[in-house]
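> Whatever this is, show me its structure:
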Amino acid sequence: MKRLCIVIPTRNHVDYIRYYIERTGEALSRYDVDLIIGDSSDDDKIRDIVENSGNRNIIYKYYSDEVCRDGEQKVFLMFSELALEYEYLWLCGDGYVPSLDNIFPDLLKLMEAGYDLVS
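Numbers count the residues shown, from 1 in each chain. From the prediction side, this is the model:
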């Protein structure tokens, strides 16, 4: 089981995702944190950005409108799918870009202490 996954639900926010990947890509690799982008966009632009990033810690998942009627349903489905793969799931909006270099050392201490919820 991997320790931490950042989960980003998105739809048609190509520029946000591009910026997010540019700002976090190296830190994701350095700390071995996965970033899963749950996309329900009208085109393949976000998928292409993820695939072209070349970062194995950035994972693309597509959720069609038929499967997820709204954002809350998408988040629920994403968490249900990922709960057995990761010890911690961190829900982030596509407009918020955390500085993993600033946050991760303290976050790691809390995770190692075994808290059920870290906020």
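
> use CA for all of it now, contacts and neighbours both
Fine.

> for the chain, what spans make up the helices?
14-31, 45-53, 71-82, 100-112 (DSSP state H).

> Now do the second one, average pLDDT.
Think helix 45-53. In this model, helix 45-53 carries a mean pLDDT of 97.

> and the helices of the chain as CSV, adding mean neighbour count and distance to M1?
Below are those laid out as CSV (neighbours: other Cα atoms under 10 Å; distance: least, Cα to Cα, whole Å):
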stretch, mean neighbour count, distance to M1
helix 14-31, 16, 15
helix 45-53, 16, 23
helix 71-82, 14, 10
helix 100-112, 13, 14
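
> Pull up the gap between R69 and R11, please.
12 Å (Cα to Cα, to the nearest Å).

> Compare the two (neighbour count), which wins?
Per other Cα atoms under 10 Å, whichever of R69 and R11 has more neighbours is R11, with 19 against 12.

> Next one: the closest residue to that one other than its chain neighbours, what pLDDT does it get?
Among residues not flanking R11 along the chain, S41 sits closest, at 4.5 Å (Cα to Cα, 6 or more residues apart in numbering). S41 is assigned 94 on the pLDDT scale.

> To what extent is S41 buried, counted in neighbours?
Using other Cα under 10 Å, S41 has 18 neighbouring residues.

> was I right about it contacting N12?
Yes - using Cα atoms under 8 Å, S41 is in contact with N12, at 4.7 Å.

> ok, longest strand in this protein?
Looking across the chain with DSSP state E, the single longest strand is strand 2-10.

> and the gap between G54 and S41?
Counting by Cα to Cα - G54 and S41 are separated by 21 Å.

> just G93 next, same as before
Noted for G93: a distance of 15 Å to S41, by Cα to Cα.

> do the same with N57
In terms of Cα to Cα, N57 sits 21 Å off from S41.

> give me the low-pLDDT residue ranges for the chain?
By pLDDT under 70, the chain contains no weakly predicted segment.

> how about a cut-off of 90?
In the predicted model of the chain, residues 1, 65-73, 93-96, 98, 115-119 satisfy pLDDT under 90.
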